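> Need coordinates for the below:
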Amino acid sequence: QVQLVESGGGLVQAGGSLRLSCAASARTFSSYIMAWFRQAPGKEREFVAAIAWRGGTTYYADSAKGRFTISRDNAKNTVYLQMNSLKPEDTAVYYCAASTITGWIRVPERGRYDYWGQGTQVAISS
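Predicted coordinates for the structure are as follows:
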């Protein structure tokens, strides 16, 4: 069983930045693909970004490209999401997810992730 705990959410003005963190309890954290998803009110949960085991490979949703950066520190069992140039449409609950499935495939699909955090609220004011 893997526990994921997100932190770093909050209320910021448009154009501002936030850094989300996700701490994992897994002893084999470096063997998981990690990702961030988000869910806005009334909408389905959507993929934001994913990062491979050693952090050398990343993948972003179009909405995140150029503004968000996913990274990980395997020594600290933590994955991060640096969000810059935030927009009101980025307002959502952000979830951290971990996948034990091997292979860098289907990374934007919710179904490939085995473990989820409880989420952290991000609100962007205009």
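> which non-adjacent residue is nearest the residue nearest to the spatial centre of the chain?
What sits nearest the mean C-alpha location of the chain, by C-alpha atoms, centre = their mean, is Trp36, with 2.0 Å. Leaving aside its chain neighbours, Trp36 sits nearest to Val48 (4.3 Å; criterion: C-beta to C-beta, 6 or more residues apart in numbering). In this view, the C-beta of every residue, glycine as well, is placed from N, C-alpha and C.
> quick one, what contacts that neighbour?
35-38, 60-61, 63-64, 68, 70, 81, 94 (C-beta atoms under 8 Å, 6 or more residues apart in numbering).
> now Ser63
If a contact means C-beta under 8 Å, 6+ apart, then Ser63 has 48, 89 as its contacts.
> Equivalent analysis for the one 10 residues further on, please.
Taking C-beta under 8 Å, 6+ apart, we find Asp73 in contact with 79-80.
> what about Asp62, which SS state?
coil (DSSP: H, G, I helix; E, B strand; the rest coil).
> How many neighbouring residues does it have?
Neighbourhood size, Asp62 [other C-beta atoms under 10 Å]: 6.
> Same question for Thr57.
Neighbours of Thr57 under the rule other C-beta under 10 Å: 12.
> doesn't Val107 make contact with it?
No: using C-beta atoms under 8 Å, Thr57 is not in contact with Val107, being 9.2 Å away.
> which element is the residue nearest to Trp36 on?
strand 46-51 (DSSP states H and E).
> Could I get the average pLDDT for that strand?
Strand 46-51 carries an average pLDDT of 98.
> Distance from the chain centre to it, please.
6 Å (C-alpha atoms, centre = their mean, to the nearest Å).
> Going by neighbour count, list what's buried in that strand.
47-51 (16 or more other C-beta atoms under 10 Å).
> Turn those into CSV, columns for distance to Gly10.
As requested, these are exported to CSV (distance: C-beta to C-beta, whole Å):
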residue, distance to Gly10
Phe47, 22
Val48, 17
Ala49, 19
Ala50, 23
Ile51, 23
